[in-house]
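In: Predicted model and sequence follow; I will ask about them next.
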Amino acid sequence: MTNTLHITITTIGWIGAVNVLVAYLLLLRRRTSADSHLYLSLNFVGSACLAVSTSIAHAWSSAAVNLIWLVIGITPLVRAWVKFQPQRRRPGTPADADAR
């Protein structure tokens, strides 16, 4: 493995670790909830990065845990993002009609 590739894979792993840790810290400090799009997105991206990094390093047990984490988190993540999207209004409906 070239030095550049090694640095890239290591960086991807660290980005993943930071994402997972930040998500957990935000949850513990009650800055987000376990079903929020922010928490689930940070966990998803973090797990994906860690899965890539650990797979390339042949750390198969860690890679498996991160891949399972991704599979478990995909449905709640999609639900959170759908819920997060602003409600679409019919064309011609006034903006304050939703407040009634």
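Out: Great, that's in hand. This one's a predicted model, so the numbers in the text were calculated from it and none came from an experiment. Residues are numbered from 1 along each chain as shown.
In: Skipping its backbone neighbours, what lies nearest residue 1 in space?
Out: residue 9 (7.9 Å; CB to CB, 6 or more residues apart in numbering). The way it works is simple: take the backbone N, C-alpha and C, and place the C-beta from them, glycine included.
In: do the same with residue 20
Out: Using CB to CB, 6+ apart, the nearest residue to residue 20 is residue 46, at 3.7 Å.
In: try residue 74
Out: Per CB to CB, 6+ apart, closest to residue 74 is residue 44, 7.4 Å.
In: so which helix or strand takes in the residue nearest to residue 20?
Out: Using DSSP states H and E, the element containing residue 46 is helix 37-56.
In: Just checking, which helix or strand succeeds that helix along the chain?
Out: In N-to-C order, the element after helix 37-56 by DSSP H and E is helix 60-84.
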